[in-house]
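Trainee: output the structure for:
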Amino acid sequence: MSAARVAWLFLKVGVLNELQYRVNFVVQLFQSLIQVGTGLAVLALVYSHTDELNGWSESELLTVLGIQILLGGAIRAAVQPNMVQLMEDVREGTLDYALTKPEDAQLLVSVRQFRIWQLTDLVSGAILVAVGLGGVERSVGPLDAIAFGAALSLGGVMIYCFWLLITTGSFWIVRMEHVLELFEGVYQTGRWPVGVYPLWLRYTVTFLVPIAFAVTVPAEAMTSRLDAGTLALSFAFGTALFAFTRWFWRFGLRHYSGASA
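Mentor: Residues are numbered from 1 along each chain as shown. Next comes the predicted model:
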């Protein structure tokens, strides 16, 4: 069975499970509105004192905020729930159910859970991106759109790799729940272009936690700021990170002792 078909089957099951609890949609919609409202209020406060921030206009930063919310929705819908489930399986010794299947174990642990109501953040984020682009003075051409799609995809892969690297640590450190709060806190730095931060933090949220690659680089593409060198660096770093994550996952599995051990 192909990887795409396995992912599609789990997606359908996840959607059906989520549809049983439709009140969660109302809760998530309320949370999305609060998130958008808070972000807009902060932007309005900042730009009430200045016309630009490190060369970024208010409309351009609205685009950054939209991308950060959009990608965050995708993470909480497809990446975070699977990593949380993986941590629980390692702690309880039930990862055997995935490891004994004929499909690739990394694929299985990465697609088992899907939270459809988190996609409200994708919609609200996309709306903010569209509104922000409406006020951007630079024209966005087809190449910019292609670069945006490539950069956003690479960013999503890097965030997935970061999550899997951290979660694989549960093979040695059983209690890893604090990672959720840690990531959510660090991810909020993506609401601003990485260039506004001091050098040490800039490198931290670029190469240690790849939020700059995931949010700022796609935003640069959509506002015609992205150069070929940055996109090439993003591709090279994403490829290297995925290869290392794959190796580290297999290395971690050799240290797993589950219910069958």
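
Trainee: show me the shaky parts of the chain.
Mentor: In the predicted model of the chain, residues 1-3, 258-261 satisfy pLDDT under 70.

Trainee: now residue 51. Nearest residue, chain neighbours left out?
Mentor: The spatially closest residue to residue 51, leaving aside those adjacent along the chain, is residue 57, at 7.4 Å (Cβ to Cβ, 6 or more residues apart in numbering). C-beta here means a position set from N, CA and C on the backbone, and glycine is covered the same way.

Trainee: ok, now how distant is that neighbour from residue 43?
Mentor: To residue 43, residue 57 is 11 Å away according to Cβ to Cβ, to the nearest Å.

Trainee: higher neighbour count, these two?
Mentor: The neighbour comparison of residue 57 against residue 43 (other Cβ atoms under 10 Å) goes to residue 43, with 21 against 18.

Trainee: which residues touch the helix or strand containing that one?
Mentor: Following DSSP states H and E, one finds residue 43 within helix 23-47. Helix 23-47 is contacted by residues 18, 53, 58, 61-62, 65, 69, 73, 117-118, 120-121, 124, 128, 191 when judged by Cβ atoms under 8 Å, 6 or more residues apart in numbering.

Trainee: in that helix, what counts as buried?
Mentor: Using 16 or more other Cβ atoms under 10 Å as the test for burial, helix 23-47 gives 28, 32, 35, 36, 39, 43, 47.

Trainee: how far does it sit from its chain's centre?
Mentor: Remark: helix 23-47 is offset 18 Å from the chain centroid, using Cα atoms, centre = their mean, to the nearest Å.

Trainee: ok, now how distant is residue 223 from residue 66?
Mentor: Distance of residue 223 to residue 66, given as Cβ to Cβ: 12 Å.

Trainee: next one: residue 72
Mentor: Using Cβ to Cβ, residue 72 is found at 11 Å from residue 66.

Trainee: who's in contact with the spatially most central residue of the chain?
Mentor: With distances taken as Cα atoms, centre = their mean, residue 75 lies nearest the centre of the chain, 4.1 Å away. Counting by Cβ under 8 Å, 6+ apart, residue 75 touches 156, 159, 163, 187.

Trainee: which element follows the helix or strand hosting residue 73 toward the C-terminus?
Mentor: For residue 73, the host element (DSSP H and E) is helix 58-74. Using DSSP H and E, the helix or strand that follows helix 58-74 in sequence is helix 80-92.

Trainee: list of residues touching that following helix?
Mentor: Residues contacting helix 80-92 (Cβ under 8 Å, 6+ apart): 94-95, 97-98, 109-115, 163-164, 166-167, 170-171, 174-177, 180, 256.

Trainee: whichever of those end up buried, select them in PyMOL.
Mentor: A single PyMOL command is used to select the members of the contacts of helix 80-92 judged buried by 16+ other Cβ under 10 Å:
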select buried, resi 95+98+109+110+111+112+113+114+115+163+164+166+167+170+171+176+256
